[in-house]
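S.K.: Got a predicted model here, sequence first, then my questions.
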Amino acid sequence: MARSSGVLEFAVLGLLHDSPMHGYELRKRIGSALGTFRAYSYGSLYPALKTMTSEGLIAADDASGAGRRSKIVYRLTADGKERFQELVSESGPASWEDEAFGVHLAFFARTNKDVRLRILEGRRSRLEERLDTLRTSLRQASERVDSYTLALQEHGLESVEREVRWLNELIATEREDSPSSRGSKAVLDAPTQQRNNKE
């Protein structure tokens, strides 16, 4: 899951889990659902679709009518559904990294509560390590860099601190919520948090 191709595979399988789609629609849905975390080009999407088709995770059907331009519609296979369940159940260190975490978060509604908690707590732990590194770097650099570089480093520190606070709220909510909540707050709040981190 650490590789971009693995993250893209996860995103495609998760979106096709809802309904079959053609490539353009898939890219648009990835942009709207995951664009906050990562934008994918046609140059990366279509080779991934070809690979996933050859591996039997998805099937490609020609949905064009008579006299119409060919339009391929992709759908999830039984193997693809099984693979998605494997991916959505992963909660190890790879799922805490920036790119993979965003995709996991997008599919939290289909993720077991215990897995959601492990991912959130792992992500928080990873960011707390990053905070320690940033604070040390900032202390060491404060007398050696210009004010603009210093301001940029402070901005990075504040962004990570905001995400840690946000994760603390999500973790508290996960521990309090009933199983019927299924992580909806995480999915709804994620884009807002990611936008704040970029400000």
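M.R.: Received the coordinates, thanks.

S.K.: And for Thr111, the neighbour number?
M.R.: Thr111 is surrounded by 22 other residues when neighbours are defined as other C-beta atoms under 10 Å. Just so you know, the C-beta spots here come from the backbone N, C-alpha and C atoms, and that holds for glycine as well.

S.K.: Show the backbone phi and psi for it.
M.R.: In this entry, Thr111 is assigned phi and psi values of phi -110, psi 140 (degrees, to the nearest 10).

S.K.: Now do the contacts for it.
M.R.: 88-89, 104, 119, 183 (C-beta atoms under 8 Å, 6 or more residues apart in numbering).

S.K.: can you pick the most crowded of those residues?
M.R.: Counting neighbours by other C-beta under 10 Å, His104 comes out on top of those with 29 neighbours.

S.K.: Any figure for the gap between it and Gly156?
M.R.: 23 Å (C-beta to C-beta, to the nearest Å).

S.K.: Could you do Leu131 as well?
M.R.: In terms of C-beta to C-beta, Leu131 sits 10 Å off from Gly156.

S.K.: Where do the domain boundaries of the chain fall?
M.R.: Residue ranges for the structural domains of the chain, counted by automatic domain parsing, are given in the record as 4-89, 104-198.

S.K.: Out of these, flag the one nearest Glu97.
M.R.: In terms of C-beta to C-beta, the element of the domains of the chain nearest to Glu97 is domain 104-198, at 7.5 Å.

S.K.: what's the distance between the closest one and the middle of its chain?
M.R.: The gap between where domain 104-198 is centred and where its chain is centred comes out at 13 Å by C-alpha atoms, centre = their mean, to the nearest Å.

S.K.: how about the contacts of Thr111 in JSON lines, adding pLDDT, secondary structure and distance to Ala63?
M.R.: Rendered in JSON lines, the data for the contacts of Thr111 read as follows (pLDDT from 0 to 100; DSSP: H, G, I helix; E, B strand; the rest coil; distance: C-beta to C-beta, whole Å):
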{"residue": "Val88", "pLDDT": "94", "secondary structure": "helix", "distance to Ala63": "27"}
{"residue": "Ser89", "pLDDT": "95", "secondary structure": "helix", "distance to Ala63": "32"}
{"residue": "His104", "pLDDT": "92", "secondary structure": "helix", "distance to Ala63": "31"}
{"residue": "Ile119", "pLDDT": "97", "secondary structure": "helix", "distance to Ala63": "36"}
{"residue": "Gly183", "pLDDT": "44", "secondary structure": "coil", "distance to Ala63": "33"}
